[in-house]
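give me coordinates for this.
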Amino acid sequence: QSTPGDTHINWGAIPTAVPRFWLRTDYLLWWSKNGPLSAPLATQGSINDPIPGALGQPNTQILYGGNGIDFRALNGLRLESGLWLNQDETFGIESGLFLVGGNSPRFSAFSDANGNQIIARPVIDAVSGSEQSYTDSSPGAFAGGIVVANTSALFSWDINGAINFVQADQFRLDGLVGFRYLN
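The predicted structure is shown next:
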């Protein structure tokens with residue numbers, strides 16, 4: 001109820017406008033399928049084999065490779081900005097970039113100081129086509145090992161022309177035409 005002298009304010013619909021400039025940022029959490037790694041990269045062998053560490057030898061065991069590389073979850077960031085070029089907000093420009101990745105699964109295997117266990121890298125002899133190995137350690141001869149690092153990263157930037165096709169109270173349809181670099 002109102003009494004004489006009360007002041008009434010009509011709070012009705014306050015007009016809102018789409019801002020002429022926008023800036024967005026997103027945190028990204030992506031998964032990718034396993035990276036290809038069908039060839040074994042590191043083996044363990046026996047001094048009793050004719051070619052220690054080579055594939056197909058009785059005592060050779062694959063230490064790394066022969067299956068896909070699991071990069072697990074990849075973190076990233078996306079930034080976007082844009083500007084409408086006219087008052088009706090029908091023509092504008094938009095730009096963005098994103099970066100995902102940097103995850104580097106690693107594998108390492110080393111012999112002891114005396115070169116025990118044979119650590120090798122299986123190879124195929126280019127001349128004969130036969131299985132061979134490049135040894136990184138050999139008992140009583142030399143000590144060593146192998147380190148494998150895999151990196152997965154995805155980077156992109158783009159610049160676009162923005163066109164508004166339809167604009168209603170609760171609906172808006174915009175289109176983009178432009179260039180995107182993806183690496």
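
what segments of this protein are helices?
Read by DSSP state H, the chain holds no helices at all.

could you give me the average pLDDT of stretch 32-45?
The average pLDDT within stretch 32-45 is 85.

how about residues contacting it?
52-55, 57, 59-71, 74, 107, 109, 117-122, 133, 135, 146, 148, 150, 152 (CB atoms under 8 Å, 6 or more residues apart in numbering). Where C-beta positions appear, they are placed from N, C-alpha and C, glycine not excepted.

let's see that with 6 Å instead.
Contact with stretch 32-45 is made by 52-53, 60-66, 68-71, 109, 117-118, 120, 122, 146, 148, as judged by CB atoms under 6 Å, 6 or more residues apart in numbering.

now the buried members of those residues.
Taking 16 or more other CB atoms under 10 Å as the criterion, what is buried in the contacts of stretch 32-45 is 52-53, 60, 63-65, 69, 71, 109, 117-118, 120, 122, 146, 148.

what lines up beside the longest strand anywhere in the chain in the sheet?
Criterion DSSP state E: the longest strand present in the chain is strand 152-167. Note on strand 152-167: by DSSP bridges, its sheet partners are strand 91-103 (antiparallel), strand 172-182 (antiparallel).

how distant is the shortest one from the center of its chain?
Here the centre of strand 172-182 is set off from its chain's centre by 22 Å, with CA atoms, centre = their mean, to the nearest Å.

that one - what's its average pLDDT?
So the average pLDDT for strand 172-182 ends up being 94.

could you export that strand as CSV, CA atoms only?
Provided in CSV are the C-alpha atoms of strand 172-182 (Å, rounded to 0.1, in the frame of the first residue of the first chain):
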residue,chain,number,x,y,z
ARG,A,172,22.4,-13.8,-31.5
LEU,A,173,24.0,-15.4,-34.5
ASP,A,174,27.6,-14.3,-35.5
GLY,A,175,29.9,-15.7,-38.1
LEU,A,176,33.7,-15.6,-38.4
VAL,A,177,35.9,-15.5,-41.5
GLY,A,178,39.6,-15.4,-41.1
PHE,A,179,43.0,-17.1,-40.8
ARG,A,180,44.2,-19.6,-38.2
TYR,A,181,47.8,-20.9,-37.6
LEU,A,182,48.0,-24.2,-35.9
